[in-house]
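Participant: Quick one, what's the 3D model for this:
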Amino acid sequence: MGDAANAIAPNKRSLSSMAPSFVETPKGVMIIGTPGGSYIISMVLLGTLDYLDGLSAADVVKDPRYHHQYLPDVVDYEKGALSADEIARLQAMGHSLKESSRRWGNMEVITWDYAPAKSRRRRTRVARERDWFTKPLRRQFDEVREKDWFISSLR
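Facilitator: Below is the predicted model:
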């Protein structure tokens, strides 16, 4: 955090970096990643829990999130992430809460549902918080199409 070892300098790694995470279940696979500095771990964990609870890729990226870290000792949350009752209960326990004025990160999620035994078609769903694709990402999706997977973009 405020340590000299974590100071920004040329030829050093950034304090926060995280590769995409892969989650495999009997139902299928989810690939999830997001920028967001210290918020990355909270966002990926909450997105993973949403997927395991059965949410679609589109719902995972639009679900509001919350975050807490050691310093500052404040629970940050996006609008709609916590109910009024949850906020009141957390405050009664002594927690400081702060509603964010904006959405965090730019989460990207890809889900691939395993095909049932009778079907040869695999369904892959792609969801992003923005409606446009970067060129490297577009290239990756073109490679996926070449492998004869079915891609549908959920917006």
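Participant: Low-confidence bits of this protein, can you list those?
Facilitator: 1-3, 6, 14-18, 115-125, 127-155 (pLDDT under 70).
Participant: mind listing the helices for it?
Facilitator: Using DSSP state H, the helices of the chain run over 40-52, 57-62, 84-92, 135-146.
Participant: Out of those, indicate the one that is most buried.
Facilitator: Mean neighbours per residue, mean count of other C-beta atoms under 10 Å, is largest over these for helix 57-62, with a mean of 20. Heads up, the C-betas are built off the backbone N, CA and C, glycines and all.
Participant: Kindly reformat the helices of the chain as a markdown table containing distance to Val29.
Facilitator: Below are the helices of the chain laid out as a markdown table (distance: least, C-beta to C-beta, whole Å):
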| stretch | distance to Val29 |
| --- | --- |
| helix 40-52 | 10 |
| helix 57-62 | 11 |
| helix 84-92 | 31 |
| helix 135-146 | 13 |
